[in-house]
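*Asks:* Need coordinates for the following:
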Amino acid sequence: MALRKCLKCFSLLPTHVPKLPAATRCLASLPLDVVDPKNEVVREPDAGKSPLECPDYFGVNSLVTMEDLLKARVHLGHKTGLWNPLMKRFIHGSRAGLHILDLDRTLPLLHKALNVTAHVAYRGGIILFVNERPQFEGLVQRTARDCREFFITQKWRGGTLTNSYMLLGTLRLPDLMIFTSVPPSKTAVKETAMACIPSIGVVDSDCNPSQIMYPIPGNDDSPSALRLYCRLFSEAILLGKEKRKSDYADKPEPVSVRTEESTELKSNANNNS
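*Replies:* You can find the predicted model right below:
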């Protein structure tokens with residue numbers, strides 16, 4: 001209550017909280033069998049839809065709310081003198097010399113990024129967490145291990161993606177890159193784009209969002225914000241994997257992109273960390 005009162009005083013609290021339209025409710029969450037007026041059990045007509053046809057197949061939109069973003073200080077940007085003009089559309093205003101990010105823009109973009117993450121995990125894709133900031137090294141490593149994915153938490157070696165066979169001894173590249181904060185050198189971001197790998201990244205007011213496929217405008221310095229991002233990505237990945245197991249419980253699973261090379265990639269990537 002005190003936090004909301006404080007934010008209202010500084011005009012930082014968004015005027016409304018976006019709600020998911022009724023038309024976008026996940027059809028997969030409905031019961032598979034329904035009863036028609038003749039008391040005959042019939043098959044739910046949308047039960048056979050593929051995950052790509054459902055806007056929120058994994059229910060990731062319920063993982064985070066506007067209040068969660070405010071409590072984690074996601075809306076606080078950098079000083080007004082240190083900003084990237086390309087972030088203008090994501091900035092709500094400024095207060096006390098700091099840019100205030102527009103959470104009305106952040107929340108739907110975060111939902112979209114989590115949905116993409118869950119879909120990649122559902123398909124058995126390889127997800128690589130990248131963070132070059134030493135203060136968050138342990139947090140990012142624990143997050144990747146908890147959801148059984150990969151990480152690089154030290155300085156990015158040039159050619160990791162563009163020359164992976166020479167550096168890692170494998171041609172297998174990640175299916176998704178998650179930047180919990182955009183690295184200052186930007187080498188990893190550029191290589192990700194050159195390798196045509198989808199990327200998700202938290203972009204603060206001083207970042208270039210055009211280099212990230214799924215940007216998330218938000219604070220990339222606050223420990224509370226980083227803990228929130230890591231928790232959300234971990235939960236989205238686990239939801240995707242659990243949904244894969246349940247969907248293919250009674251039938252053979254499709255061929256996964258995770259091969260023996262992916263195990264080698266994990267070993268080499270973690271060794272480089």
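
*Asks:* Quick check: L173 touching P198?
*Replies:* No - assessed by C-beta atoms under 8 Å, L173 is found out of contact with P198, at 11.1 Å. Every residue, glycine included, has its C-beta placed from N, CA and C.

*Asks:* if you count what's nearby, which of those two comes out ahead?
*Replies:* Neighbour count, other C-beta atoms under 10 Å: between L173 and P198, L173 has more, with 21 against 17.

*Asks:* buried ones in the longest helix that the chain contains?
*Replies:* Criterion DSSP state H: the longest helix present in the chain is helix 223-247. When neighbours are counted by 16 or more other C-beta atoms under 10 Å, the buried residues of helix 223-247 are found to be 225-226, 228-241, 243-244.

*Asks:* now stretch 73-82
*Replies:* Result for stretch 73-82 [16+ other C-beta under 10 Å]: buried residues R73, V74, H75, L76, G77, H78, T80.

*Asks:* May I ask which helix or strand encompasses the closest residue to Q211 other than its chain neighbours?
*Replies:* Using C-beta to C-beta, 6 or more residues apart in numbering and skipping the chain neighbours, the partner closest in space to Q211 is V189 (4.9 Å). Secondary structure from DSSP states H and E places V189 in helix 187-194.

*Asks:* So which elements touch that helix?
*Replies:* strand 176-179, strand 199-203 (3 or more C-beta pairs under 8 Å, 6 or more residues apart in numbering; DSSP states H and E).

*Asks:* Out of those, which gets nearest to D102?
*Replies:* strand 199-203 (12.6 Å; C-beta to C-beta).

*Asks:* Report the angle between that closest one and helix 223-247.
*Replies:* Counting by axes from the mean of the first three to the mean of the last three C-alpha atoms, to 10 degrees, strand 199-203 lies at 160 degrees to helix 223-247.

*Asks:* And strand 199-203, what's buried?
*Replies:* In strand 199-203, counting by 16+ other C-beta under 10 Å, buried: S199, I200, G201, V202, V203.

*Asks:* Filter the buried residues of stretch 73-82 down to just the ones in strands.
*Replies:* L76, G77, H78 (DSSP state E).

*Asks:* Do a quick rundown of the helices in the stretch 1-150 of the chain.
*Replies:* Counting by DSSP state H, counting those that start in this stretch, the stretch 1-150 of the chain has these helices, from start to end: 2-9, 66-71, 103-122, 137-146.

*Asks:* about what we covered before: next, the angle from the helix holding V189 to strand 199-203.
*Replies:* Here helix 187-194 points in a direction 140 degrees away from that of strand 199-203 (the same axes, to 10 degrees).

*Asks:* Please work out which residues outside helix 187-194 touch it.
*Replies:* Helix 187-194 is contacted from outside by 130, 132, 152, 156, 158-162, 177, 179, 182-183, 199, 201, 211-212, using C-beta atoms under 8 Å, 6 or more residues apart in numbering.

*Asks:* The same query, at a cut-off of 7 Å, please.
*Replies:* With contact meaning C-beta atoms under 7 Å, 6 or more residues apart in numbering, helix 187-194 is reached by 130, 156, 158, 160-162, 177, 179, 182-183, 199, 211-212.

*Asks:* got the contact list for T106?
*Replies:* So T106 contacts L69, V74, I216, P217, G218 (C-beta under 7 Å, 6+ apart).

*Asks:* Identify, from those residues, the entry nearest to L167.
*Replies:* Distance to L167 across these (C-beta to C-beta) is lowest for I216, with 28.4 Å.

*Asks:* what's the closest one in contact with, if anything?
*Replies:* For I216, the contact set (C-beta under 7 Å, 6+ apart) comprises T106, L109, L110, A113, I200, G201, V202, V203.
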